[in-house]
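K.L.:
Next input, structure requested:
(one chain, ligands or ions: 3)
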Amino acid sequence: MGDTDGDGTDDVLVSVGDGYLYAMGARTLPTPEAVRDTDPADTDSDADLDEVETFDTVTARWAATPGAMRFQVRVTTLAGTALQFPEYTEVTGDRARVGELPLRLGGRYRVGVVAVGADGSSAEALSDGFTVVDVSPPTIRIGANPATFTPPSQTTNLEVTFEDRTGLASTRAELLDPSGAVVRVLVDETLRSPLPSRTTRVAFDGIAANGTQYLPPGVYTIRASATDVRDHTVTATGTFTMLERVVTPGTRRADADGGCACTAGRVGGAPRGWWLVAALGLAGVARRRRRGSAGR
Ligand SMILES: [Ca+2]
Ligand SMILES: [Ca+2]
Ligand SMILES: [Ca+2]
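P.N.:
Ligands and ions are numbered 1, 2, ... in the order given. The predicted model follows:
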């Protein structure tokens, strides 16, 4: 006896000839047919798979069962040991998605389905099982928002997302300046236990990692790489543009080295007048205004 399905009442467990335990109710419904192990990454997948790329999620489908109102679904090892407690997840319809399972690479599992109706349930139908594999490399998405920015009033938000269906083992991303030199390491991580997804976010203000000076304007590159639990490695790059900085009176600030952040040069998208104001400084602007009004 034991409450295997977590509904608060004890269930009668019966060991039958195959060594598995089955929860018994009144067997008033036909056993669900054609239980298939499907692809968790493809919600439309219908065919039975015997190898599945997955981190912790199992999906299954089965044939419609006359009289069934709902179904109890569980994932077990090939030997019949349930992977979670409560053992069964209840669903309606002809498919199930069970997550947060302690799956492991190379492990073999199967899905059990019991139909439940108004007056009782069916025997449990089992899929023919699947093995957790890792055949496809990780994917990497790189973003910079905005893709063009003008310091110091703007920063750009860098975001790198690493994913792998079976599990990531390590991730790395670095920032390269227009000459190709690495100016920042955004992430460099070996995961103690694999994860299906990892995101790194960094706000980039255009200042060197040592905090003492602005980096040169131009096209910057984010170079990222990831390795999965089967040692597939993938590398990807993305770019964004840092324009020459524009300092307006409202945002005037001293460089970290004590100098004014006002350098001569091309105006990065701002009206020319702003640039002159910045170059002259606040005192210079005041003088110019006085002279201008006196001349009229
Ligand atoms: Ca099969
Ligand atoms: Ca299968
Ligand atoms: Ca993989």
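K.L.:
And what about the residue nearest the centre of the chain, helix, strand or coil?
P.N.:
In the chain, the residue lying closest to the centroid (Cα atoms, centre = their mean) is Ser197, at 3.9 Å. Using DSSP: H, G, I helix; E, B strand; the rest coil as the criterion, the local structure at Ser197 reads strand.
K.L.:
and it, what pLDDT?
P.N.:
We have a pLDDT of 98 for Ser197.
K.L.:
wait, doesn't it sit right on Leu168?
P.N.:
Yes. Here Ser197 reaches Leu168: they are 7.5 Å apart, a contact under Cβ atoms under 8 Å. To be clear about C-beta, it is placed using only N, CA and C from the backbone, and glycine gets the same treatment.
K.L.:
near ligand 1, which residues of this protein?
P.N.:
By Cβ under 5 Å from the ion, the residues of the chain that approach ligand 1 are Asp48, Asp50, Asp128.
K.L.:
ok, of the residues you listed, which come out buried?
P.N.:
Asp48 (16 or more other Cβ atoms under 10 Å).
K.L.:
Contact partners for Asp231?
P.N.:
For Asp231, the contact set (Cβ atoms under 8 Å, 6 or more residues apart in numbering) comprises Ala169.
K.L.:
so it sits in a strand?
P.N.:
No. Under three-state DSSP, Asp231 sits outside any strand and is assigned coil.
K.L.:
what's whatever residue of the stretch 1-150 of the chain ends up closest to ligand 2 sitting at in phi/psi?
P.N.:
Nearest to ligand 2 in the stretch 1-150 of the chain, going by Cβ to the ion, is Asp37, at a distance of 3.8 Å. In terms of degrees, to the nearest 10, the main-chain angles of Asp37 are phi -80, psi 120.
K.L.:
do the one 3 residues further on as well
P.N.:
For Pro40, the backbone dihedrals are phi -60, psi -20 (criterion: degrees, to the nearest 10).
K.L.:
isn't it right up against Arg97?
P.N.:
Yes. With contact defined as Cβ under 8 Å, Pro40 reaches Arg97; the gap is 6.9 Å.
K.L.:
Excluding residues flanking it in the chain, which one is nearest the residue of the stretch 1-150 of the chain closest to ligand 2?
P.N.:
Of all residues not flanking Asp37 in the chain, Phe130 sits nearest, at 4.2 Å (Cβ to Cβ, 6 or more residues apart in numbering).
K.L.:
For that neighbour, name its beta-bridge partners.
P.N.:
Here Phe130 sits in beta bridges with Tyr109, as judged by DSSP bridges.
K.L.:
which residues does it contact?
P.N.:
By Cβ under 8 Å, 6+ apart, the neighbours of Phe130 are Asp37, Leu49, Asp50, Glu51, Val52, Arg108, Tyr109, Arg110.
K.L.:
can you list the domain ranges for this structure.
P.N.:
If you go by automatic domain parsing, the domain ranges for the chain are 12-132, 139-242, 249-295.
K.L.:
give me the residue from the protein nearest ligand 3.
P.N.:
Closest point on the chain to ligand 3, by Cβ to the ion, is Asp228, at 3.6 Å.
K.L.:
neighbours around Thr65, how many?
P.N.:
21 (other Cβ atoms under 10 Å).
K.L.:
Adjust the sequence numbering to begin at 17 for everything that follows.
P.N.:
Done: numbering now begins at 17, and the last item shifts to Thr81.
K.L.:
Is it within a helix or a strand, and which one?
P.N.:
Under DSSP states H and E, no helix or strand contains Thr81.
K.L.:
Tell me, what's the model's pLDDT at it?
P.N.:
Reported pLDDT for Thr81: 94.
K.L.:
Ser152 too?
P.N.:
Confidence at Ser152, expressed as pLDDT, is 98.
K.L.:
what residues are up against it?
P.N.:
Counted by Cβ under 8 Å, 6+ apart, Ser152 has contacts Glu69, Asp180, Arg181, His248.
K.L.:
As a markdown table, the residues you listed with pLDDT, neighbour count and secondary structure would be great.
P.N.:
What follows is those, written out as a markdown table (pLDDT from 0 to 100; neighbours: other Cβ atoms under 10 Å; DSSP: H, G, I helix; E, B strand; the rest coil):
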| residue | pLDDT | neighbour count | secondary structure |
| --- | --- | --- | --- |
| Glu69 | 98 | 20 | coil |
| Asp180 | 98 | 28 | strand |
| Arg181 | 98 | 23 | strand |
| His248 | 98 | 16 | coil |
